[in-house]
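1. here's my sequence, what's the structure:
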Amino acid sequence: MSTTPRRTKILATLGPATDPPGVLDALLTAGVDVVRLNFSHGDPSSQVARANAVREAALRVGVEVGILADLPGPKIRIERFAEGRVLLKAGDRFDLIAAENPPPGNLREVGVSYLGLPGDVSPGDVLLLDDGLLQLRVGAIDGDRIITTVLNDGALSDRKGLNKLGGGLSLGALTERDKELILIAAELGADFIAVSFCRNAEDMNEARRIARAAGSDAALVSKIERAEAIENLAEIVEASDVVMVARGDLGVEIGDAELPGLQKKIIRESLLRNRVVITATQMMQSMVDNPIPTRAEVLDVANAVIDGTDAVMLSQESAAGRYPIKAVEAMARICLGAERQFNHDTDFEAAPRNLERADQAIAMAAMFLSEHIGVRAIVAMTESGGTARFLSRFRSNAPIYAFSRHDGARRRMAMMRDVYPIDFDSRGQASRDAARNVVKQLFDSGKLAQGERVIFTSGDTMEQHGATNTLRLLQVGEGGSAEGLGEL
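-> Down below sits the predicted model:
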């Protein structure tokens with residue numbers, strides 16, 4: 001009897017912990033579907049080298065692996081201290097200096113990287129440093145100097161991040177450095193480009209224009225991590241291919257109490273608009289130092305799976321942790337466990353109406369048929385991956401095997417829940433011949449068994465983007481032959 005593979009996809013951030021020989025191969029074998037290159041750290045040349053190593057490892061292991069290039073964005077940081085670190089006390093005055101070349105920091109003051117900060121804050125505002133571990137209340141603004149009062153005891157060291165409680169900072173999402181890095185991402189063939197701290201749809205549109213002008217067909221990922229992004233969530237999701245629930249900075253800006261509900265809201269909005277969605281940040285943080293996750297982390301990952309996320313992501317756990325392979329193995333186990341425990345019924349009442357595209361209508365019909373007559377698998381012949389994405393928005397119990405001759409399309413589909421991309425060149429084959437050939441291929445690889453039923457979607461004209469207009473119900477016959485049961 002054929003078995004169902006893990007449905008939820010796993011992203012793993014690369015870093016020093018993944019660089020030693022053999023680690024990448026082990027990570028891909030353990031279940032990594034997409035790797036993340038964090039351009040906030042290291043020299044771009046090191047990330048290019050990692051991208052090349054990923055491509056080589058994927059060939060050795062025999063899997064489709066996407067590469068996500070994550071742009072730094074306008075992360076606001078304090079500058080450096082003369083001694084590298086200070087201990088601040090509640091009630092102390094502490095000034096932030098928004099000026100070029102500020103003096104080294106001390107117990108009384110430190111420079112800040114964003115020179116427009118004095119214009120974005122007012123007396124009474126609360127500024128959060130080091131992911132909220134240290135809080136400052138703004139008392140006054142004096143030119144380029146922001147005078148604050150320390151609200152809690154704490155240590156502060158070089159280059160820690162700064163956020164404003166409730167958001168409201170006016171700096172754009174794409175810095176000049178980000179624009180340069182998009183060109184590097186295009187050159188290395190990144191399959192996804194993530195825009196950090198996006199505020200609105202135009203931030204995503206600008207990144208897309210730059211990427212396309214550079215010859216990249218990467219999917220654009222919006223990282224939801226600012227309070228302003230929540231206010232503009234619908235337009236950002238619509239302008240994105242993929243949405244990331246970036247819980248680190250988002251939790252700092254909007255407060256941890258609001259974060260669980262917002263995570264669910266972002267996932268729902270993404271699925272409603274047919275977008276792929278990633279849940280990220282500190283999912284298994286304890287595994288940076290420990291070989292097993294905490295029960296709370298197990299529940300966090302499982303709840304994201306139950307919420308319907310396409311993918312879950314490891315950050316520091318894989319990039320710099322002591323147990324990167326164990327972290328991937330644990331995440332894969334948890335995803336499988338959550339998928340076994342939770343059988344999601346497709347809600348066709350919530351499905352979009354008045355569909356304008358034939359491929360969307362075929363996808364909806366395929367999932368309706370799958371839900372009501374029971375099939376072992378859905379097979380999609382696709383050029384760009386669009387049909388597979390539409391299919392995956394309906395949470396069926398049937399895996400979606402997406403056949404495409406395009407390397408980039410297969411790697412982008414590696415992010416989609418329930419979708420398993422497979423290399424197949426349909427050129428020169430009629431639709432019916434292609435159906436027979438892919439069913440035989442799935443049978444020979446053990447993914448289908450005799451007697452099982454399969455839904456097959458394709459276009460009358462093969463090798464044409466957006467041309468899916470045909471649905472066939474097939475049954476696996478003796479030796480993997482395909483017997484037609486019906487056609488739409």
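
2. can you pull out the low-pLDDT segments for the stretch 301-450 of the chain?
-> Low-confidence segments of the stretch 301-450 of the chain, defined by pLDDT under 70: 343-356.

3. do a quick rundown of the strands in it.
-> 311-314, 377-381, 400-404, 419-423 (DSSP state E, counting those that start in this stretch).

4. make CSV from these and add mean neighbour count and distance to residue 119 to it.
-> In short, each C-beta sits where N, CA and C put it, glycine included. Supplementary listing: the strands of the stretch 301-450 of the chain in CSV, determined by neighbours: other Cβ atoms under 10 Å; distance: least, Cβ to Cβ, whole Å:
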stretch, mean neighbour count, distance to residue 119
strand 311-314, 26, 34
strand 377-381, 28, 51
strand 400-404, 27, 49
strand 419-423, 21, 46
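
5. need the ones you listed in TSV (columns: distance to residue 441).
-> Shown next, in TSV, are those (distance: least, Cβ to Cβ, whole Å):
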stretch	distance to residue 441
strand 311-314	26
strand 377-381	10
strand 400-404	8
strand 419-423	8
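
6. out of the ones you listed, which is closest to residue 160?
-> Closest to residue 160 of the strands of the stretch 301-450 of the chain, according to Cβ to Cβ: strand 311-314, at 22.6 Å.

7. nearest residue to the middle of the chain?
-> residue 278 (3.8 Å; Cα atoms, centre = their mean).

8. partners of that one in the sheet?
-> For residue 278, the beta-bridge partners are residue 244, residue 311 (DSSP bridges).

9. show me where the stretch 101-250 of the chain has its strands.
-> 109-111, 126-129, 134-142, 145-150, 154-157, 162-164, 192-195, 219-224, 242-246.

10. can you list the domains in this structure?
-> Here the domain parsing of the chain from automatic domain parsing is 9-74+172-340, 85-164, 348-487.

11. buried residues, stretch 140-155. List them.
-> For stretch 140-155, the neighbour count (16 or more other Cβ atoms under 10 Å) marks 141, 144-148, 150-151, 154 as buried.

12. with stretch 47-59 instead?
-> Result for stretch 47-59 [16+ other Cβ under 10 Å]: buried residues 47-48, 50-51, 53-54, 57-58.

13. helices along the stretch 351-488 of the chain, start to end?
-> 358-373, 386-392, 407-413, 431-444 (DSSP state H, counting those that start in this stretch).

14. quick one, helices of the stretch 201-350 of the chain?
-> Using DSSP H, counting those that start in this stretch, helices in the stretch 201-350 of the chain cover 201-213, 227-231, 233-238, 247-254, 259-272, 295-307, 316-319, 324-341.

15. contacts for the shortest one, please.
-> Meaning helix 316-319. By Cβ atoms under 8 Å, 6 or more residues apart in numbering, the surrounding residues in contact with helix 316-319 are 12-18, 27, 38, 41, 283-285, 287-288, 323-324, 327-328.

16. what about the residues you listed, which are in strands?
-> 12-13, 38 (DSSP state E).
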